[in-house]
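> Kindly generate the corresponding structure for this input.
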Amino acid sequence: MAGARFGGVELGGTKALALISDGATILDQCRLPTTAPDRLLPPLAAWLAARHAEHPLASLGIASFGPLRLDPAAADFGHMLPTPKPGWSDADIRGGLAGWFDGPVALDTDVNGAALAEGQWGAARGCAVHAYLTIGTGLGGGIVVNGAPLHGLLHPELGHVRVSRPAGASFKGICPFHGDCLEGLIAGPALAARTGLPGEALPPDHPVWAEVCDELADLLATLLLTVSAQRILIGGGVGLALGSRMKRLRAAVADRLGGYLPGIDASSLETIIMPPALGDRAGPLGAIALAKRVFTAETFG
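Model prediction:
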């Protein structure tokens, strides 16, 4: 793999990034706002094709917001599934970005990619099972098991898990599908609707943070109980804004667990529930981690 260059695309809800890397080092990049697919995908593909003509790429990784069809046997493989983002339902993500390329291509969610990158270069190194959550415009989650992003019926949709709420809770949530799923309660637009302030701008002493910690704790405890995550990393604008409230969050998770998992308490959770190490590089490096993984699989079996 020495000397190989990899192409990647991080396709986010507000911005998109195409990049060239030789591993953890980003050599070149092109950033565009996320507009309509027919206006965004062609210039990203053209930029990558031009870089490929200058120096051939070993493989290409695409880390996109979802939901995505990831089953290669499905007729709509590589397409965006129904989404509230205008114009993106049924968009051909894989074909639109990689139709020009005849080498190995990997497509996955942006959060699965970021989880993979944190396992390779970041805060989840050495973990057999770990999860990456990003809380910003939406709430997404990726899970990696033994070096592979988790797929099944679809891919993890952790933001749409329903959580327990106190009787008489007044905020109904804003998710167009579920109302008060976790994304509809604590993602940036939900917090803005709930408080009148963007989540990233909420003061540290705002009372809504206590509610956010209690609601998020339900999901984190569920991850510990279901997939036995050894590390759960929380990023994104809202996730990183938790900051000093991580102590309360860990205490709330320990409370949900009720002492059931041996040795797991608020103190030990400090080494399990953490911020990501790669920061804003987790997303783009997630695309590269996907590219490296598919190149290794197809080259070395």
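
> Which stretches in the stretch 1-150 of the chain count as strands?
For the stretch 1-150 of the chain, the strands defined by DSSP state E, counting those that start in this stretch occupy 6-11, 15-21, 26-33, 59-64, 105-109, 129-135, 139-145, 148-149.

> who wins for proximity to residue 176 among these?
With respect to residue 176, and counting by C-beta to C-beta, the nearest of these is strand 139-145 at 14.1 Å. Every residue, glycine included, has its C-beta placed from N, CA and C.

> now the strands of the stretch 1-150 of the chain in CSV, with mean neighbour count, mean pLDDT and distance to residue 279?
As requested, the strands of the stretch 1-150 of the chain are exported to CSV (neighbours: other C-beta atoms under 10 Å; pLDDT from 0 to 100; distance: least, C-beta to C-beta, whole Å):
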stretch, mean neighbour count, mean pLDDT, distance to residue 279
strand 6-11, 29, 98, 14
strand 15-21, 21, 96, 14
strand 26-33, 14, 96, 13
strand 59-64, 29, 98, 16
strand 105-109, 26, 97, 19
strand 129-135, 28, 96, 12
strand 139-145, 26, 96, 16
strand 148-149, 19, 95, 20
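
> Tell me which of the ones you listed lies nearest to residue 265.
Closest of the strands of the stretch 1-150 of the chain to residue 265 is strand 129-135, at 19.5 Å (criterion: C-beta to C-beta).

> partners of the closest one in the sheet?
Here strand 129-135 has these sheet partners by DSSP bridges: strand 139-145 (antiparallel), strand 231-235 (parallel).

> nearest to residue 44, of those?
When the strands paired with strand 129-135 are compared by C-beta to C-beta, strand 139-145 sits nearest residue 44, at 20.4 Å.

> May I have the closest one as PDB, with CA atoms only?
What follows is strand 139-145, C-alpha atoms only, in PDB (Å, rounded to 0.1, in the frame of the first residue of the first chain):
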ATOM      1  CA  LEU A 139     -28.100  12.900  15.000                       C
ATOM      2  CA  GLY A 140     -26.300  10.000  13.400                       C
ATOM      3  CA  GLY A 141     -24.500   7.000  14.700                       C
ATOM      4  CA  GLY A 142     -22.000   4.500  13.300                       C
ATOM      5  CA  ILE A 143     -21.000   1.200  14.800                       C
ATOM      6  CA  VAL A 144     -17.800  -0.700  14.000                       C
ATOM      7  CA  VAL A 145     -17.400  -4.400  15.000                       C
END
